[in-house]
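Visitor: Next input, structure requested:
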Amino acid sequence: MKKITLIILAVLSLYTYARSTEKESVKIPDSAIRFRVLANSNDPRDQKIKEDVRDKMQKELYTLLQNTKNIKEARGLINDNMNSFKKILDEEMDGKEYSYTIDYGMHEFPSKTYKGITYEAGEYESLLVTLGEGKGDNWWCVLFPPLCLLEAEETTSDDVEYKFFVKELIEKYF
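Guide: Numbers count the residues shown, from 1 in each chain. Predicted coordinates:
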């Protein structure tokens, strides 16, 4: 009888664990603005340039949008500061063998899985920086509401790792 109870508990636990680890699909709301940087290629040097551009732009965007109250205000600030963004990009891309483009509008995004959540592909309002041919891996985040800006501001990680006790027992003994 104990073995049957243990097997039933194990099956129920595995089922619960499997359901809890399913990837959640999320569509970013229409009231969001994304920021995306496309690298020239996947060459490590091009990826480093992408990261440097991302860091400089994120810092500027955080300063600009940190107190933004609504999407209309965020749109206005982004549009009004396009020349400032171009200046940052000009400085960052000085001496590089390829140029860049920057555009604010509607752009296609592929699906992306981040921390177990899949963000759906689609056309989203965004500030898009394309470096060179834009054929490398990209980086993106949500500018408004300022999800990536909060991430940029944080200096420590408070990630918590959760473990499933029954799963660990089963793995240990079976």
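Visitor: CA atoms for contacts and neighbours, from now on please.
Guide: Fine.
Visitor: how close does the nearest residue to residue 136 once chain neighbours are set aside get to residue 32?
Guide: Leaving aside its chain neighbours, residue 136 sits nearest to residue 41 (3.6 Å; criterion: CA to CA, 6 or more residues apart in numbering). According to CA to CA, to the nearest Å, residue 41 and residue 32 sit 27 Å apart.
Visitor: Please apply the same query to residue 77.
Guide: 14 Å.
Visitor: Which of the two has more residues huddled nearby?
Guide: The neighbour comparison of residue 77 against residue 32 (other CA atoms under 10 Å) goes to residue 32, with 18 against 15.
Visitor: Do you know the pLDDT at that one?
Guide: Model confidence at residue 32, given as pLDDT, is 85.
Visitor: Equivalent analysis for residue 120, please.
Guide: Looking at residue 120, the pLDDT reads 86.
Visitor: Tell me how many other residues surround the closest residue to it other than its chain neighbours.
Guide: With CA to CA, 6+ apart as the criterion, residue 120 has its nearest non-adjacent residue at 4.7 Å, and that residue is residue 111. Neighbour count for residue 111, taken as other CA under 10 Å: 14.
Visitor: close enough to count as contact, residue 111 and residue 123?
Guide: No. Between residue 111 and residue 123 no contact is recorded; they are 10.7 Å apart, counting by CA atoms under 8 Å.
Visitor: Could you check how far the nearest residue to residue 38 once chain neighbours are set aside is from residue 63?
Guide: Among residues not flanking residue 38 along the chain, residue 138 sits closest, at 4.4 Å (CA to CA, 6+ apart). As judged by CA to CA, residue 138 and residue 63 stand 23 Å apart.
Visitor: of these two, who's got more company?
Guide: Taking other CA under 10 Å, residue 138 and residue 63 do not tie; residue 138 has more neighbours (20 against 11).
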